[in-house]
Each structure stands twice: as C-alpha cells, then as structure tokens.
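Novice: Got a sequence here, can you build the structure:
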Amino acid sequence: MKKFEEQVFNIPELKGISKKTIEEHLKLYSGYVKNANLITEKIAEMIADKAMAEKNAYAISEMQRRFGFEFNGMRNHEVYFRSLEGSAKALPANSLLKSTIEAEGGTFETWLAYFKTVALTRGIGWAALYYDRNSKRLLTTWVDEQHYGQLQDCALILGLDMWEHSFVADYQPSGKKQYVEDFFANLNWEVVEMNLANAIR
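Specialist: Numbers count the residues shown, from 1 in each chain. Next comes the predicted model:
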C-alpha cells in the first residue's frame, strides 16, 4: 500500500517562535503522518476479509472518522511549516494574492486585518485562506480543531495553526495576539503566492 510521506522543512530561526516550539511541533506533525498511514493500513486489513469487515464495522467507521482528523492535521501542518521556510519575505510588488483580493472588492490591508481577527477565534483550530476553484474566489474561514469546517474542493493557500501547542510555550495563553503578529512577521509570502498560483492553474 502506498504510504503518505513525511516532509522535511528547512525553518530558520524565527521571531518570537522558539526553536524548541518548532521542534516539538514537528514531532506532532510526524505523528499525523504516522497515524494517517496506520489507519489506512488497519482499515485495509479489516476490509480484506468480508466476515471480518462486518464484525468490525463499528471499529472501521471510528477509524475512518479519525482518518479525517489525522489527514487534515498532516496537510494543514505542511502548508503551515512550508510558509515559514526560507526566512520572511514580503509580498511581491506584482502580487497575485493582492490583485485577487482587490478584484473581489476589498483591500489587502482590510483582508489581512480580518484574517488576524479570525485567528483570534476562541477555541482551538486553524485560521485558513482557501481558493475555491469552482467560484474562482478566495475564502477566509475558521476550522475547528482541523476537521470541522474544512472547505470542500478548495485549496489551502495559507494556514495559521491556532492550537495551543503552536504558541503557549513561547507566549502563554495571554500572548495569542502577539503570536499571530509574529507569525506574519516570519511569513514567507512568496510561498503563499506559489500556493495560490498552483491552485488557480
């Protein structure tokens, strides 16, 4: 069976977000990859024998439910970590993201302020910017945990992890807002631009 492969990220020293936090965070990502593979293997084993599949229907359905959590955790973190690679880089002068936002009737600055507000939603989850290939527009949303609220058939362009493990060690719970500001101070916008360009193709 084909396995999901764990990606390697080259993340430089970051403003505000410690090396220790990134190291621990990467271990969690590794766990998502491992568990996504483990679940698919176990389900394959269980459904190979029809009698066994019927006997273990409840266990299979629970594993399938869990798969969405592990898979989305894996993919969301890949977007998150990739956007921190290569050091902070500003939005290009001819930014596709900026022009796409402006074409929808707003300004980049207004959207960015809105995204940061979404990131401060109470609870654990992700602030996410998607590109909907069907309507050809950008969508900003909050995703509870990492599997409630993911948008169907949309490409994740920018994902900001707002689970406590991503910031509490460095900022404490009260420093959530500063973590969001520091994330954007560390962000490689060129990666975000590439994500959007790939989604529009």
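
Novice: going forward, measure contacts and count neighbours with C-alpha atoms only.
Specialist: OK.

Novice: For residue 156, see how far away residue 1 is.
Specialist: 26 Å (CA to CA, to the nearest Å).

Novice: Among the two, which residue is more densely surrounded?
Specialist: Neighbour comparison, residue 1 and residue 156: the larger count goes to residue 156, with 24 against 7 (by other CA atoms under 10 Å).

Novice: Could you check which helix or strand contains the residue of the chain most remote from its centre?
Specialist: Largest separation from the mean C-alpha position in the chain: residue 51, at 38.0 Å (CA atoms, centre = their mean). For residue 51, the host element (DSSP states H and E) is helix 50-55.

Novice: ok now that helix, how far from the chain's centre?
Specialist: Taking CA atoms, centre = their mean, to the nearest Å, the mean C-alpha location of helix 50-55 is offset from the chain mean by 35 Å.

Novice: swap in stretch 4-16?
Specialist: For stretch 4-16, the distance to the chain centre is 13 Å (CA atoms, centre = their mean).

Novice: What residues of it count as buried?
Specialist: Neighbour counts over stretch 4-16 (16 or more other CA atoms under 10 Å) mark 14, 16 as buried.

Novice: Show me which helix runs longest in this protein.
Specialist: helix 19-48 (DSSP state H).

Novice: average pLDDT across it?
Specialist: Helix 19-48 carries an average pLDDT of 94.
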